[in-house]
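Participant: let's see this in three dimensions:
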Amino acid sequence: MRVDSLTGLLNHREYQEELARELERAGRDQLPLSVAMLDLDDFKQINDSYGHAEGDRILRLVGETVRRMLEPGDSAARIGGDEFGLILPGRRAAEADTLASQIDRQVKALNLELGASWGVAEWPTAGPSQSLLLFSADRALYDRKLSRRNGATKASTERERRPASADYTLTAADHQRGLTAALARAVDAKDAYTRSHCDMVAELCVLVGQELELEPRRVLKLRLAGLLHDVGKIGIADAILQKPGRLSDDEFEVMKTHTTLGHSILFGAELFEEAYWVLHHHEYLDGSGYPDGLAGETIPLESRIMLVADAFEAMTSDRPYRRGRDERAALDELQRCAGTQFDPNCVAALSRALRRDARWLSESSARGGVKSVVA
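Facilitator: Residues are numbered from 1 along each chain as shown. Predicted coordinates for the structure are as follows:
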């Protein structure tokens, strides 16, 4: 099905395919192309206060409003629960921003107790690839949301004389959630398998971090780094990323750059600690890893945890060209390489956590990840 059944706009998958077609055309004809992402503000409160039937009615009205504002050649999709994406061939970013602003005004004119935040990005300025283009638009959207929240929080602070630290905690969390969603969507646009792999690695990182008794805040940051550890792969060519067989030496050198690209993306998103951990999540304990050949405890602990989680998930997952191993075989392989490739303490922590948390394993199996309980 090409369309979203609720709004009649394109669905998420068709949006991705349509954008790929338009980017190919823009490159061939040397024409501008912009995308816009719109997110309804405080939509959850509508569902909570009035019920999902009313929420669905509002989404249909917003969909009709978006469709009415489009020009011939434009495309629009519902790409999430309350998120909409526009593809605007031939338009510059400034024109896309104007259109998004007009849609926001039209939505507010419906008297639905909500408006929209938006972000736009222009190809190729904001990103030469589809994934980077969508990431740029998503990040602009969440920056706008953060800016609005900052303004509201500042006014509230002045009225209530609350400590500034409380405001910082709130807005930092909002900022992190927005950036995480934008980055995760960029990974998903590049490769659905990579996204599901990253979800599983994040959960494994949490298990290991808790087993090693890291403080809760550190575990949360570790989970975010695990979720985004492969974000640099959005810059790797599909021919290399999705090659079913063994990579050539030259191809492997290209693949290795995903750590430095991931570091650049996360550092630019002001996720500084996470960026450093991601940079080094392919360093080996004996110094034979990349990108810097770090060894032993010079490798950040969080990077060592990610390497173990990443390897375990990769070994236990089915790929198009092979079936995954069972958990015991994967743990045996980690143990065999402990002390050279992997940190023995991290391997032992993963083994203990998996043995204890059989419930997690069964739930993971239902999601298509690890497939049997460790004995």
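
Participant: can you get me a residue count around the closest residue in space to Pro344 that isn't next to it in sequence?
Facilitator: Leaving out its chain neighbours, the residue that sits closest to Pro344 by Cβ to Cβ, 6 or more residues apart in numbering is Ala338, at 4.1 Å. All C-beta spots, glycine's among them, are computed from the backbone N, C-alpha and C. If you count neighbours by other Cβ atoms under 10 Å, Ala338 ends up with 17.

Participant: repeat that for the one 3 residues further on.
Facilitator: For Gln341, the number of neighbouring residues by other Cβ under 10 Å comes to 20.

Participant: residues near Ser34, how many?
Facilitator: The burial count for Ser34: 27, using other Cβ under 10 Å.

Participant: other SSEs contacting the helix or strand harbouring it?
Facilitator: Element membership of Ser34 [criterion: DSSP states H and E] is strand 33-40. Where contact means 3 or more Cβ pairs under 8 Å, 6 or more residues apart in numbering; DSSP states H and E, strand 33-40 is packed against helix 12-29, helix 52-69, strand 83-89, helix 93-109, strand 116-123, helix 130-160.

Participant: would you convert those into TSV that also reports distance to Met315?
Facilitator: Output for the helices and strands packed on strand 33-40, formatted as TSV (distance: least, Cβ to Cβ, whole Å):
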stretch	distance to Met315
helix 12-29	29
helix 52-69	41
strand 83-89	35
helix 93-109	44
strand 116-123	37
helix 130-160	26
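
Participant: which one of these lies closest to Arg217?
Facilitator: Smallest distance to Arg217 across those (Cβ to Cβ): 20.4 Å, for helix 130-160.

Participant: tell me the phi and psi of the spatially closest residue to Leu31 that is not a sequence neighbour?
Facilitator: Leaving aside its chain neighbours, Leu31 sits nearest to Gly90 (5.6 Å; criterion: Cβ to Cβ, 6+ apart). Per-residue torsions, Gly90: phi 80, psi 0 (degrees, to the nearest 10).

Participant: which residues sit in contact with Gly90?
Facilitator: Neighbouring residues of Gly90 by Cβ atoms under 8 Å, 6 or more residues apart in numbering: Leu31, Pro32, Leu33, Gly73.

Participant: in TSV: the helices and strands packed on strand 33-40, plus mean neighbour count, distance to Asp292 and mean pLDDT.
Facilitator: Shown next, in TSV, are those (neighbours: other Cβ atoms under 10 Å; distance: least, Cβ to Cβ, whole Å; pLDDT from 0 to 100):
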stretch	mean neighbour count	distance to Asp292	mean pLDDT
helix 12-29	16	35	91
helix 52-69	16	47	91
strand 83-89	24	38	95
helix 93-109	17	37	93
strand 116-123	24	32	91
helix 130-160	18	25	65
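
Participant: nearest to Ala77, of those?
Facilitator: Ala77 sits nearest to helix 12-29 of all the helices and strands packed on strand 33-40, at 3.6 Å, using Cβ to Cβ.

Participant: quick one, that closest one and strand 33-40 angle?
Facilitator: Comparing the axes of helix 12-29 and strand 33-40 via axes from the mean of the first three to the mean of the last three Cα atoms, to 10 degrees yields an angle of 150 degrees.

Participant: between the helix or strand containing His197 and helix 12-29, how big is the angle?
Facilitator: Assigned by DSSP H and E, His197 belongs to helix 192-211. Here helix 192-211 points in a direction 120 degrees away from that of helix 12-29 (the same axes, to 10 degrees).

Participant: what's the following helix or strand after helix 192-211?
Facilitator: Following helix 192-211 toward the C-terminus (DSSP H and E): helix 216-227.

Participant: who does that next one touch, helix- and strand-wise?
Facilitator: Where contact means 3+ Cβ pairs under 8 Å, 6+ apart, helix 216-227 is packed against helix 164-190, helix 192-211, helix 272-279, helix 301-316.

Participant: mind listing what's buried in that helix?
Facilitator: Neighbour counts over helix 216-227 (16 or more other Cβ atoms under 10 Å) mark Val219, Lys221, Leu222, Arg223, Leu224, Ala225, Gly226, Leu227 as buried.

Participant: who touches that helix?
Facilitator: Contacts for helix 216-227 (Cβ under 8 Å, 6+ apart): 176, 180, 184, 198-199, 201-206, 209-210, 214, 271, 273-274, 277-278, 281, 302, 305-306, 309.

Participant: what's the angle from that helix to helix 192-211?
Facilitator: Angle between the axes of helix 216-227 and helix 192-211 is 160 degrees (criterion: the same axes, to 10 degrees).

Participant: next, the angle from helix 216-227 to helix 301-316.
Facilitator: Helix 216-227 runs at 50 degrees relative to helix 301-316, counting by the same axes, to 10 degrees.

Participant: any idea of the mean pLDDT in the helix or strand following helix 216-227?
Facilitator: Counting by DSSP H and E, the element after helix 216-227 in chain order, helix or strand, is helix 238-241. Computed over helix 238-241, the mean pLDDT rounds to 83.

Participant: what helices or strands is the helix or strand following helix 238-241 leaning on?
Facilitator: Counting by DSSP H and E, the element after helix 238-241 in chain order, helix or strand, is helix 249-256. Secondary-structure packing of helix 249-256 (3+ Cβ pairs under 8 Å, 6+ apart): helix 238-241.

Participant: give me the packing partners of the helix it packs on, helices and strands only.
Facilitator: Partner elements for helix 238-241 (3+ Cβ pairs under 8 Å, 6+ apart): helix 249-256.

Participant: which of the residues in the helix it packs on are buried?
Facilitator: If you call a residue buried by 16+ other Cβ under 10 Å, then helix 249-256 has these buried ones: Glu251, Val254, Met255, Lys256.

Participant: tell me the contacts of the closest residue to the last one other than its chain neighbours?
Facilitator: In this case it means Lys256. Of all residues not flanking Lys256 in the chain, Tyr290 sits nearest, at 5.1 Å (Cβ to Cβ, 6+ apart). Listed by Cβ under 8 Å, 6+ apart, the contact set of Tyr290 reads Lys256, Thr259, His282, Glu283.
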